[in-house]
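S.K.: Task: produce atomic coordinates for the following.
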Amino acid sequence: MLVAAQILSGAGLAAGITVGALLAKDMLGSTSFSGLPAMLFTAGAAGSAVGIGRLSHVRGRRIGLAGGYFVGALGAIGVVLAAATSSVPLLLISLVVYGAGSAANLQARYAGADLAAPRRRARAVSIVLLATTVGAVAGPNLSSAMKSLAESWGIPGLAGPFVLAAAAYLVAAVVLWAALRPDPLLVAREHAAHRQLTGDASHTVAGEDEGSRPQVALGATVMVTAQMVMIAVMTMTPIYMAAHHHTLGATGVVIGFHIAAMYLPSPLSGWLVDRYGPRWVAASSAFVFLACGIVIAVSPSSSFVGVLIALMFLGFGWSLGLISGTAMVTAGAPAATRAKVQGNVDFLIALAGAMGGALSGIVVAFAGYPTLALGGGVLALALVPIVARGVRAASGLTTNV
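M.R.: This is a model prediction of the structure:
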């Protein structure tokens, strides 16, 4: 049921991302504000991440995730109404509320890890992320059809994908509410309590039950960086393509392949993390982000293939960063408070995405899209020395033990 909900929510998330910047440009009248939707819904995702994490801590993943998707659906409906009535204040408020769906979609990966053995944890996370691929690819490629449907209803065509988002999020909420039983987080907590009572450590790793703050901090840093770079470049891609006369359908294909590259390689990313360790995989993500920037910089502005390849690099770099960071945070967070810690980490991730979205429009307006993409790759390279210090610290700890 978690897989089914991820397929649906992937469609809702991707559909809104495809046209959010274009809708804002039309309603606000400036490219400089095109990054505003990403900033607002990722800011909304930040607040929702904390709320979902705390609700999950008290009531379990089922209630937390279903609630997040329901609120996200309300936000999507608000965006449609804002476009139909040309109400900028309603648009801004609704985009914040819409972010709850994004928060739930992202936090669902933790549910996949709740009951997984430590040596297979990253692969368990990857299965949940992989399920998002089907909906994430379908959503942007339905943009043109949803645009036509919206126009037939007498509302702006760019609001059409948000109709799809509202329906997808609502169905995902119902599926999780009805069928995610038994709750994986509550079962995992019971298992952890039983291990503490019996002294059985056969299914744990060193330091897992008591928590490891440095490991949580390192994992959070990796995911924050990956999210900021990915959101910034992805947000401005539709604007860049529209400015160079690519069609909405072509933009949908690029965003669809980008999101597929975020989620489809998840099993490979998970295997790499379980096989070689999360720190090495986190460092490799930086070089993939840099490759994205280089491809954008050397490709002609009219090149559809260049943008497509670059956005696939961007997606794969995000996959490597997210899965490696998730593995570190999950292993380092104590079982008793894991959901709250994960919610707080996702709050930081969403804030980073909001910052990336807010700055992306300004950078493109003054320096251009290639500069934005290259700058993201350079920023990601800062992960390499940070992760290297983490590797040395972990090696020293292992030697002392």
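S.K.: Does residue 313 touch residue 299 like I think?
M.R.: No - Residue 313 is beyond contact range of residue 299, at 11.8 Å (criterion: Cβ atoms under 8 Å). Every C-beta, even on glycine, is put in place using the N, C-alpha and C of the backbone.
S.K.: buried residues in stretch 84-92?
M.R.: For stretch 84-92, the neighbour count (16 or more other Cβ atoms under 10 Å) marks 90, 91, 92 as buried.
S.K.: Can you tell me the element the second one falls in?
M.R.: Okay, so that is residue 91. helix 88-113 (DSSP states H and E).
S.K.: So between residue 313 and residue 299, which is more surrounded?
M.R.: Between residue 313 and residue 299, counted using other Cβ atoms under 10 Å, residue 313 has the larger neighbour count: 24 against 17.
S.K.: Packing partners of the helix or strand where residue 193 lies?
M.R.: Using DSSP H and E, residue 193 falls within helix 184-198. Under the contact definition 3 or more Cβ pairs under 8 Å, 6 or more residues apart in numbering; DSSP states H and E, helix 184-198 sits against helix 61-85, helix 88-113, helix 338-367.
S.K.: Does anything pack onto the first one? Which helices or strands?
M.R.: If contacts are counted by 3+ Cβ pairs under 8 Å, 6+ apart, helix 61-85 sits against helix 2-28, helix 36-59, helix 88-113, helix 160-179, helix 184-198.
S.K.: buried sites along the shortest one?
M.R.: If I follow you right, that is helix 184-198. Quick answer for helix 184-198 (16+ other Cβ under 10 Å): 184, 185, 186, 188, 189, 191, 192, 195.
S.K.: can you check the third one too?
M.R.: Taking 16+ other Cβ under 10 Å as the basis for neighbour counts, the residues of helix 88-113 that come out buried are 90-113.
S.K.: got it, and the fourth one?
M.R.: Judged by neighbour count using 16+ other Cβ under 10 Å, the buried positions of helix 160-179 are 160-173, 175-177.
S.K.: ok, and the closest non-adjacent residue to the spatially most central residue of the chain?
M.R.: Per Cα atoms, centre = their mean, the C-alpha nearest to the average position across the chain is that of residue 106, at 5.2 Å. Spatial nearest neighbour of residue 106, excluding adjacent residues (Cβ to Cβ, 6 or more residues apart in numbering): residue 346 at 6.0 Å.
S.K.: Run through the residues that contact that neighbour.
M.R.: 45, 46, 49, 50, 52, 53, 103, 106, 107 (Cβ atoms under 8 Å, 6 or more residues apart in numbering).
S.K.: any idea which of the residues you listed is closest to residue 377?
M.R.: For the contacts of residue 346, the residue nearest residue 377 by Cβ to Cβ is residue 106; the value is 22.7 Å.
S.K.: tell me the pLDDT at that closest one?
M.R.: Confidence at residue 106, expressed as pLDDT, is 85.
S.K.: wait, isn't it in contact with residue 347?
M.R.: No - using Cβ under 8 Å, residue 106 is not in contact with residue 347, being 11.0 Å away.
S.K.: intersection of neighbour lists for the two?
M.R.: Going by Cβ under 8 Å, 6+ apart, residues that sit against residue 106 and also against residue 347 are residue 49.
S.K.: one step back: how distant is the helix holding residue 91 from the center of its chain?
M.R.: Remark: helix 88-113 is offset 10 Å from the chain centroid, using Cα atoms, centre = their mean, to the nearest Å.
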